[in-house]
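>>> Take this sequence and fold it.
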Amino acid sequence: MVIKRVSPMSAAKIGGILGVLVGLAIGACISLVMMAASSMITMAAKPEDGTPGAIVGMIFGAGAIVVVPIVYGTMSFIMGALYAALYNVAAKWMGGLEIEVA
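Numbers count the residues shown, from 1 in each chain. Here you go, the predicted structure:
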């Protein structure tokens, strides 16, 4: 069998969903690191200095769970559509991608 054409919208949807899932994992890691860093800043700070760095770390940590999946999902959606469109052009020149189905 030969794949001669890939729907750009279909590839974009799959890419977008996968990007959101990867973004959630990366956002969770960033969140954990930022939360740990902010707690270290809080423990190391003197009471009279205040701890504005800890609050900033907490905000960035919580924001990473929301912002990173949106960015990754959007970029993956766009790149999925672009790659599918480029594949369609290349498949016309080269004849498509051969696959073997059992």
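>>> For the protein, which segments count as helices?
8-44, 52-94 (DSSP state H).
>>> Compute the number of surrounding residues for Val20.
A total of 19 residues lie near Val20 under the criterion other Cβ atoms under 10 Å. For glycine as for every other residue, the C-beta is placed from the backbone atoms N, C-alpha and C.
>>> now Gly95
10.
>>> quick one: contacts for it?
Neighbouring residues of Gly95 by Cβ atoms under 8 Å, 6 or more residues apart in numbering: Val2.
>>> redo that, cut-off 10 Å
Val2, Lys4 (Cβ atoms under 10 Å, 6 or more residues apart in numbering).
>>> quick revisit: tell me which of the helices of the chain lies nearest to Val2.
With Cβ to Cβ as the criterion, Val2 lies closest to helix 52-94 of the helices of the chain, at 8.5 Å.
>>> what packs against that closest one?
Contact here means 3 or more Cβ pairs under 10 Å, 6 or more residues apart in numbering; DSSP states H and E; on that basis helix 52-94 packs against strand 2-3, helix 8-44, strand 97-98.
>>> Nearest to Thr74, out of those?
Closest to Thr74 of those, according to Cβ to Cβ: helix 8-44, at 7.4 Å.
>>> List the buried residues of stretch 95-102.
By 16 or more other Cβ atoms under 10 Å, the buried positions in stretch 95-102 come out as Gly96.
>>> Just to check, Ser10 is in contact with Ala81?
Yes - the pair Ser10 / Ala81 is scored as a contact, 9.3 Å apart, by Cβ atoms under 10 Å.
>>> Look up how far Met35 lies from the residue nearest the centre of the chain.
Closest residue to the average C-alpha location of the chain: Tyr72 at 2.8 Å, with Cα atoms, centre = their mean. Tyr72 sits 20 Å away from Met35, going by Cβ to Cβ, to the nearest Å.
>>> For the nearest residue to Pro69 once chain neighbours are set aside, give me its contacts.
Among residues not flanking Pro69 along the chain, Gly23 sits closest, at 3.4 Å (Cβ to Cβ, 6 or more residues apart in numbering). Neighbouring residues of Gly23 by Cβ under 10 Å, 6+ apart: 64-76.
>>> I'm done for today, thanks for sticking with me.
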